[in-house]
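Enquirer: Based on what follows, work out the 3D shape:
(2 chains)
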Amino acid sequence: MLPISLFREKPEVILADHDKRGISRDSVYEVIRLDGEWKAALHEMEQSRRQRNIAAKGIAAAKKSDDKEESNRIMAEVKNLGSQISELDEKAKSLANQRDTLRMRIPNILHDSVPEGVDESENTQHSMHGEKPVFEFEPKVHNELIEQNKWVELERAAKIAGSRFFFLKGDLARMELALQTFAIDFLGERGFTLVQPPVMMNREAYEGVTDLNDFETVMYGVEPDKLYMIATSEHPLTAMFMDEVIEPSLLPIKMVGVSPCFRREVGAHGLSDRGIWRVHQFTKIEQIIISHPDDSWSHHEDLLTNCTDLWDALGLHYEVVNICTGDMGTVAARKYDLEAWLPGAKAYKEIVSCSNCTDYQANRLRMRYRTPDGNAAVHTLNSTAVATSRALVAIIEQNQMEDGRVRIPEALQPLMGGKKVLDPCNF
RNA sequence: GCGGUCAUCGCAUAGCCUGGCCAUUGCGCCGGAUUGCUAAUCCGGUGGGUCUACCCACGAGGGUUCGAAUCCCUCUGAUCGCGCCA
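Expert: You can find the predicted model right below:
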């Protein structure tokens, strides 16, 4: 959420951002209009309250000097001031509410470096890593490989839970755990503290971290408790500091989160989404930084470096893309994606998303740090380290052998008892 | 689940019983002054708002009242005891 002061003092910044994104300016003007009306209503109410306070003091003084007449006179005078105040208060609250409901939907201000573009086809390449693997046979797509090796059970999972859920079995399940350990250790060495979060959150905290449309399309609601299953550990780890004033000496706070992630994936269909590429539940290791505003852009680069170093260590070929204005979501000010080469699918596809959300989430969550001139919003950053289901897909497609078995990346071998190749599952 | 106690926006606290002027004090932090050697002492600041005045804020939301941190109700969270489970 953008601070209301920005609408009052520099609306041109927001308007220019809307133009860059190619979205209508109307709601910005509407927020400004509602804010003006709210100010007027608030002022009116404050005047009534002031009258009441003066009267109350008069009564107190009169009672002290035992002047019954005077106190009764004032009491009669302000008898219905109370109902007037609550009316005006309700009006002001309703206006503030309308203003902020609208303001919650206004996206973050993009960083100047974000390339202009209409949709994901206009994202620009940032860098290319590793070498495209060459095969002396026709490489298979991952859903063929997992089926042939019996590493994944989609139909049995559908029977007990629904489509897009899966059982992970045998060596592939073991490699999933190795990936988790590898990523956690890797980031631990770079100063990130491991945190395991709750996997459900209440509505208020959740509204602080996500695009509001996600409540319809992404999150599972848990009834009757009015909770939501987390779509990523970014959400609980960021919201963790809701309503807090953080001592500047504690910044930056660097965490590596590990959790299952739950996504409804409403409207997602298609041949390219078969297998375990797009599923309702997967495990993700996530980097989170809560930072001083002055440092967030350098931390953003650090997060990307951590990702590229980690994925380089796994020996995979991928590219980094710079997300353009039209493809950026509501919350991030700047975003890099890592897209791994899938030789079976013959495409680069998203495996990592690395964002600087600046003060957008912090404003919603009232997460501040202490400064000499009062409290100011912190910046929040997040980046995937490894989403295991997608990492597995990239690994098995890039490391597949002619017989359908898969070489284990060297970095993971020590975590799998020295094993070098994933063997098929026996049932 | 049941019952008791509690909740003061950096942390910790007073005020509540018995409603009324200014929400107290300590620590921490920031700024300044002064003396000077790993620091001490003194002064000021340190919740929010259309920020000298004024209004709001004592977990959240309601109620009583001319007036609520204070009295009443509901909710949330913490904590202790009992129950239940491991």
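Enquirer: can you list the residues of the stretch 201-350 of chain A near RNA strand B?
Expert: Counting by CB under 7 Å from any atom of the strand, the residues of the stretch 201-350 of chain A lying close to RNA strand B are A:243, A:245, A:247. To be clear about C-beta, it is placed using only N, CA and C from the backbone, and glycine gets the same treatment.
Enquirer: Need the residues you listed in CSV (columns: secondary structure, pLDDT and neighbour count).
Expert: Below are those laid out as CSV (DSSP: H, G, I helix; E, B strand; the rest coil; pLDDT from 0 to 100; neighbours: other CB atoms under 10 Å):
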residue, secondary structure, pLDDT, neighbour count
A:Asp243, coil, 85, 12
A:Val245, strand, 84, 13
A:Glu247, coil, 80, 9
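Enquirer: nearest to RNA strand B, of these?
Expert: A:Val245 (3.7 Å; CB to the nearest atom of the strand).
Enquirer: That closest one: what's it in contact with?
Expert: A:368-370, A:375 (CB atoms under 8 Å, 6 or more residues apart in numbering).
Enquirer: So what sits opposite it in the bridge?
Expert: Taking DSSP bridges as the rule, A:Val245 bridges to A:Arg368.
Enquirer: Could you check the worst-scoring helix or strand of chain A on mean pLDDT against RNA strand B for contacts?
Expert: Every helix and strand in chain A was compared by mean pLDDT, DSSP states H and E; the lowest is helix A:68-77, with a mean of 78. Yes - applying CB under 7 Å from any atom of the strand, one finds helix A:68-77 touching RNA strand B at A:Met75.
Enquirer: Now the element after that helix, going C-ward?
Expert: The first helix or strand that comes after helix A:68-77 along the chain, using DSSP states H and E, is helix A:81-103.
Enquirer: elements contacting the following helix or strand past that following helix?
Expert: Later in the chain than helix A:81-103, the nearest helix or strand by DSSP H and E is strand A:124-129. Here strand A:124-129 touches helix A:296-313, strand A:318-322, going by 3 or more CB pairs under 8 Å, 6 or more residues apart in numbering; DSSP states H and E.
Enquirer: Export only the CA atoms of the helix or strand just after strand A:124-129, formatted as CSV.
Expert: Remark: after strand A:124-129, the chain's next helix or strand is helix A:142-148, criterion DSSP H and E. Provided in CSV are the C-alpha atoms of helix A:142-148 (Å, rounded to 0.1, in the frame of the first residue of the first chain):
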residue,chain,number,x,y,z
HIS,A,142,9.6,-34.7,-17.2
ASN,A,143,6.1,-36.3,-17.0
GLU,A,144,7.3,-39.2,-19.1
LEU,A,145,10.4,-39.6,-16.9
ILE,A,146,8.5,-39.6,-13.6
GLU,A,147,6.0,-42.0,-15.0
GLN,A,148,8.6,-44.4,-16.4
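Enquirer: For helix A:142-148, enumerate the helices and strands it packs against.
Expert: In terms of contact count using 3+ CB pairs under 8 Å, 6+ apart, helix A:142-148 is assigned the packing partners helix A:388-398.
Enquirer: what does the very next helix or strand once past the helix it packs on rub up against?
Expert: Using DSSP H and E, the helix or strand that follows helix A:388-398 towards the C-terminus is strand A:406-407. For strand A:406-407, the external contacting residues (CB under 8 Å, 6+ apart) are A:145, A:149, A:395-396, A:399-401, A:420-422.
Enquirer: what about the helix or strand that strand A:406-407 is followed by, distance to the chain center?
Expert: Next helix or strand after strand A:406-407 toward the C-terminus (DSSP H and E): strand A:421-422. Offset of strand A:421-422 from its chain centre (CA atoms, centre = their mean, to the nearest Å): 35 Å.
Enquirer: How about stretch A:160-169?
Expert: That offset, for stretch A:160-169, works out to 25 Å (CA atoms, centre = their mean).
Enquirer: which parts of the least confident helix or strand of chain A are buried?
Expert: If you call a residue buried by 16 or more other CB atoms under 10 Å, then helix A:68-77 has these buried ones: A:71, A:74.
Enquirer: Which pLDDT value belongs to whichever residue of the stretch 301-427 of chain A sits closest to RNA strand B?
Expert: Closest contact between the stretch 301-427 of chain A and RNA strand B, by CB to the nearest atom of the strand, is at A:Pro372 (3.3 Å). pLDDT, A:Pro372: 71.
Enquirer: same question, A:Arg174
Expert: Here the pLDDT value assigned to A:Arg174 is 96.
Enquirer: Check whether it really touches A:Asp423, as I assumed.
Expert: No - A:Arg174 is beyond contact range of A:Asp423, at 10.2 Å (criterion: CB atoms under 8 Å).
Enquirer: Between the two, point out the one with more neighbours.
Expert: The residue with more neighbours, out of A:Arg174 and A:Asp423, is A:Arg174; 18 against 13, by other CB atoms under 10 Å.
Enquirer: Relative to RNA strand B, how far out is that one?
Expert: 28 Å (CB to the nearest atom of the strand, to the nearest Å).
Enquirer: picking up where we left off before, restrict the least confident helix or strand of chain A to CA atoms and write it as PDB.
Expert: Extracted as PDB, the C-alpha positions of helix A:68-77 are listed here (Å, rounded to 0.1, in the frame of the first residue of the first chain):
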ATOM      1  CA  LYS A  68     -25.000  22.700  40.800                       C
ATOM      2  CA  GLU A  69     -26.800  25.300  38.700                       C
ATOM      3  CA  GLU A  70     -23.800  25.900  36.500                       C
ATOM      4  CA  SER A  71     -23.000  22.200  36.000                       C
ATOM      5  CA  ASN A  72     -26.700  21.400  35.200                       C
ATOM      6  CA  ARG A  73     -26.700  24.300  32.700                       C
ATOM      7  CA  ILE A  74     -23.700  23.000  30.800                       C
ATOM      8  CA  MET A  75     -24.900  19.400  30.900                       C
ATOM      9  CA  ALA A  76     -28.200  20.400  29.300                       C
ATOM     10  CA  GLU A  77     -26.300  22.400  26.700                       C
END
